[in-house]
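*Asks:* 3D model of this:
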Amino acid sequence: MAKLKNYVLFIFSFLIFNSCGIYSLSGAATTAKTIQIDPFFNNTDLGPANLGPNFTNKLKDYFQTNSSLRVISANGELQLEGTIVQYSVAPLAPVAGTSASQPSQAALTRLTIGIRANYIDSREPKNNFKDKTFSFYADFPNDQNLINVQDDLEKKIFNQIFLDIFNATIANW
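*Replies:* Predicted coordinates:
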């Protein structure tokens with residue numbers, strides 16, 4: 001009886017993990033083996049000088065970690081490139097000043113980063129897109145300096161944008 005139970009469990013597990021060969025546990029739905037991620041250039045006025053290379057390198061790491069794709073420098077079956085088009089800091093949640101000499105100020109400040117991307121899927125051209133925008137934001141208290149929280153905010157924003165790009169490209173969501 002125990003052998004039969006183990007056999008049924010093995011067959012069930014095999015069917016679950018191999019029923020559709022193009023899906024992975026991360027949600028990637030592609031038969032492609034390679035992806036080419038070209039440098040994302042920083043086309044913003046306020047963004048730090050290293051924003052483009054940081055974004056590109058972390059995006060490559062994200063795809064390598066969350067899919068079976070191999071990142072290559074040229075002639076990838078999938079190709080992704082783009083531009084960082086927004087890096088803005090804006091006040092939020094205004095708070096009234098305590099006196100006429102103290103003006104109103106914001107309790108929170110929002111950092112927003114926006115990306116415009118192009119994607120080519122040589123295996124499934126219907127998945128291609130051009131000039132698709134991805135953006136996300138993170139808020140921080142106004143009593144904190146952007147320089148002090150910038151790395152953490154960028155990481156949070158990048159992670160959401162990476163997920164959105166991943167879903168729009170190889171997860172086909």
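*Asks:* Run through the strands of this structure in chain order.
*Replies:* With DSSP state E as the criterion, the chain has strands at 34-37, 41-42, 70-72, 78-95, 105-121, 129-141.
*Asks:* Could you save these as JSON lines and add columns showing distance to residue 156?
*Replies:* From N, CA and C alone the C-beta is placed, and that goes for glycine too. Converted to JSON lines, the strands of the chain look like this (distance: least, CB to CB, whole Å):
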{"stretch": "strand 34-37", "distance to residue 156": "21"}
{"stretch": "strand 41-42", "distance to residue 156": "18"}
{"stretch": "strand 70-72", "distance to residue 156": "23"}
{"stretch": "strand 78-95", "distance to residue 156": "14"}
{"stretch": "strand 105-121", "distance to residue 156": "9"}
{"stretch": "strand 129-141", "distance to residue 156": "5"}
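*Asks:* hang on, isn't residue 136 packed against residue 155?
*Replies:* No. Counting by CB atoms under 8 Å, no contact exists between residue 136 and residue 155, whose distance comes to 11.4 Å.
*Asks:* out of the two, which sits in the more crowded spot?
*Replies:* residue 136 (18 against 12; other CB atoms under 10 Å).
*Asks:* before we move on, the earlier item: which of the strands of the chain sits most buried?
*Replies:* Highest mean neighbour count among those (mean count of other CB atoms under 10 Å): strand 34-37, with a mean of 20.
*Asks:* nearest spatial neighbour of residue 42, skipping sequence neighbours?
*Replies:* residue 52 (4.0 Å; CB to CB, 6 or more residues apart in numbering).
*Asks:* Model confidence score at the one you found, please.
*Replies:* Residue 52 is assigned a predicted lDDT (pLDDT) of 97.
*Asks:* Please give me every residue in contact with it.
*Replies:* Residue 52 makes contact with 39-42, 84, according to CB atoms under 8 Å, 6 or more residues apart in numbering.
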